[in-house]
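[1] Provided below are the primary sequence and the corresponding predicted coordinates.
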Amino acid sequence: MATVIERSARSAVALVCGMVATAGPSVAQALRVQPEVEATVTVTNNAAATSSEAARSDTIISINPRLHISSRGGRSTVEGTFGVEAVTYASNSQESIVRPRGALSVRSQLVERLMYVEASATADRVSADPFAARPESATAFNDYTQMRYRFTPYIERQLTPSLSLLARTDHVITRRVGTSSASDPGGTSPARDAHEQQQTLRVEQLPQPFGWTAELTRQDTKLRGEFQHPMPLGDPPPILIDDNGVP
């Protein structure tokens, strides 16, 4: 039986471990971890949700082990649920897969009352084709995993009792992972991935009796295909001229 293990499942688990480890000793001492396992068995006469002529019966087995993680320390907080979902088809009507599921976030104070960092990882189940059939039970049909990684370091400082400063940079990386199918050709195409970032600088004066806020924001979004296929740096493209000598 063929099994597809999404690379993101391994990288996501490694990231979760890294996020918990870097949260600091104060978090590790108060860390609460609750394991949980969910399993389902679905018997169907049309495993791929195709036409009745092409329908194949199968038994779909899904096992979803996960960890509920919660901790609040003096300078760090860890919250979330993360695990993996394994879906297997007993009669091989579809490929069996293992994929990450859940969300985990970390907030840490690096320098007291000055420098902070927030990070999160999210693995969501998304339909490849929103207009196609999507069974409620666990299945690999019309389904892929969207990974979102967020990293936000920032400086927040109370300059005076009424004047505050915020400088932050937000980075969100989206990775779409999953096998190709008839309803989603090229499901692992890197052109579907994106890197979004936003930088914010804000100075705020509380009303005493009048206040004001000055904010400067920069936003930028790049598709992965944009920097995988850059514009060549060579001679300029040739100018085509028709029979009348007109470009």
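    Received, thanks. Residues are numbered from 1 along each chain as shown.
[2] hey, where'd the strands end up in the chain?
    Taking DSSP state E to define them, one finds strands in the chain at 3-5, 32-44, 58-72, 76-89, 96-111, 115-126, 144-160, 163-177, 194-205, 212-223.
[3] mean pLDDT lowest where, among these?
    Mean pLDDT per stretch puts strand 3-5 lowest among those, at a mean of 49.
[4] ok, back up a step: make CSV from the strands of the chain and add mean neighbour count and distance to residue 50 to it.
    For glycine as for every other residue, the C-beta is placed from the backbone atoms N, C-alpha and C. Rendered in CSV, the data for the strands of the chain read as follows (neighbours: other Cβ atoms under 10 Å; distance: least, Cβ to Cβ, whole Å):
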stretch, mean neighbour count, distance to residue 50
strand 3-5, 13, 20
strand 32-44, 12, 12
strand 58-72, 17, 12
strand 76-89, 20, 14
strand 96-111, 19, 18
strand 115-126, 18, 21
strand 144-160, 16, 18
strand 163-177, 17, 24
strand 194-205, 15, 32
strand 212-223, 10, 32
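[5] let's have the ones you listed in a markdown table, adding distance to residue 52.
    Rendered in a markdown table, the data for the strands of the chain read as follows (distance: least, Cβ to Cβ, whole Å):
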| stretch | distance to residue 52 |
| --- | --- |
| strand 3-5 | 27 |
| strand 32-44 | 13 |
| strand 58-72 | 15 |
| strand 76-89 | 19 |
| strand 96-111 | 24 |
| strand 115-126 | 27 |
| strand 144-160 | 26 |
| strand 163-177 | 31 |
| strand 194-205 | 39 |
| strand 212-223 | 39 |
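[6] which among these is found nearest to residue 51?
    Nearest to residue 51 among the strands of the chain is strand 32-44; the distance by Cβ to Cβ comes to 14.6 Å.
[7] got the angle between that closest one and strand 58-72?
    Put simply, strand 32-44 runs at 170 degrees to strand 58-72, going by axes from the mean of the first three to the mean of the last three Cα atoms, to 10 degrees.
[8] if the closest residue to residue 89 other than its chain neighbours is in a bridge, with which residues?
    If the residues on either side of it in the chain are set aside, residue 89 comes closest to residue 58, at 5.1 Å by Cβ to Cβ, 6 or more residues apart in numbering. Going by DSSP bridges, residue 58 is paired in beta bridges with residue 44.
[9] so who does residue 58 touch?
    The contact partners of residue 58, taken as Cβ atoms under 8 Å, 6 or more residues apart in numbering, are 44, 47, 89-94.
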